[in-house]
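# model this:
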Amino acid sequence: MATPLEAALLLVLFTFSPPLLGVLWLRNAERSRPEPWSRVMAAFLYGAGIAVLVSGFAERYVISQELGGWNQVVIIGAAAFPVLPVIIAPFIEETSKALGLLFFRDDAPEPENGYVYGGAVGLGFAATENLLYVISAFLFSGPDVALVLGVYRGIATVALHASATAITGYGLWRFRFARGTWRKGLGLVLLPVSLATAILVHATYNYIASVEAGTLVAVAFAIIVFAFVHQRIRVLDRRS
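Okay, here's the model as predicted:
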């Protein structure tokens, strides 16, 4: 039987391995001038640490103050949208992840680099979030539930967080490193559009996952968007 320390190490390995493999996959999609590992991992650590803390405190504040009717359900047509997972959480989490991207240096900026750094931040966020969820499931529901949850989140939420923040990163890179007036103007338009798209992708996933029998559809949705981001990196890399 494993000691508590061994069990803790196995749990960290179990929850962090899929996100780290995701970082490898995204970073290596860029064949020419791939980003230095030191900066990619710094982005990963920002997502795993600061972004999780910022979003966690912000969400707890919203819940404690009952801001925005977080515990309510919004009815649009025949669909019911729970406010916290579909509206508040995507906005707070994608914004907190995006903030760190404002401070990363890029000595040879290319549009696809935004996908790489944004994806790395999202993968770090997913790693810590998955660790917390799996620990909670292990303590309160047992190892079998924790294992199933870990496998599900190791695929679906890893792909989701990577994809959403990668989309924000692309828009941010187009704005931060644009040269020329019209390109800077285009970047200024792309930046809020990219963040809004990331929030929409996150909200769509959360909504699908919340409806009955939506689990497999949510997994497929996250994987498709993640594959799209990977393909976009490769296409932009070939162009550059």
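# Could you list the low-pLDDT ranges of this structure?
In the prediction, the chain carries residues with pLDDT under 70 at positions 1-7, 66-81, 182.
# Tell me which residues touch the residue sitting nearest the centre point of it, please.
The residue lying closest to the centre of the chain (C-alpha atoms, centre = their mean) is residue 161, at 1.9 Å. Residue 161 sits next to 47, 93, 97, 122, 123, 125, 126, 129, 202 when contact means C-beta atoms under 8 Å, 6 or more residues apart in numbering. (Glycine included, C-beta is placed from N, CA and C.)
# Most neighbours among those, please name it.
For those, neighbours were counted using other C-beta atoms under 10 Å, and residue 122 has the most, 39 neighbours in all.
# Which members of the contacts of residue 161 occur in helices, if any?
Among these, the subset assigned to helices under DSSP state H consists of 93, 97, 122, 123, 125, 126, 129, 202.
# Can I get these in a markdown table including distance to residue 26?
Conversion of the ones in helices among the contacts of residue 161 to a markdown table gives the following (distance: C-beta to C-beta, whole Å):
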| residue | distance to residue 26 |
| --- | --- |
| 93 | 19 |
| 97 | 15 |
| 122 | 10 |
| 123 | 8 |
| 125 | 14 |
| 126 | 13 |
| 129 | 18 |
| 202 | 18 |
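# Which member of those is positioned nearest residue 188?
Taking C-beta to C-beta as the measure, residue 188 sits nearest to residue 97 out of the ones in helices among the contacts of residue 161, at 20.3 Å.
# Can you tell me the SS state at the residue nearest to the centre of the chain?
Under the three-state scheme (DSSP: H, G, I helix; E, B strand; the rest coil), the conformation of residue 161 reads as helix.
# heads up, I number from 691, so please use that
All set: I'll call the first residue 691, so the last point we hit is now residue 851.
# State the distance from it to residue 755.
With distances taken as C-beta to C-beta, to the nearest Å, residue 851 is found 26 Å from residue 755.
# Do a quick rundown of the strands in this protein.
In chain order, the chain shows strands spanning 763-766, 769-772, with DSSP state E as the criterion.
# so how far is the helix or strand just after the last one from its chain's centroid?
On the C-terminal side of strand 769-772, the closest following helix or strand by DSSP states H and E is helix 773. Distance of helix 773 from its chain centroid, counting by C-alpha atoms, centre = their mean, to the nearest Å, is 19 Å.
# How about stretch 915-924?
If you compare the mean C-alpha spot of stretch 915-924 with that of the full chain, they lie 14 Å apart, counting by C-alpha atoms, centre = their mean.
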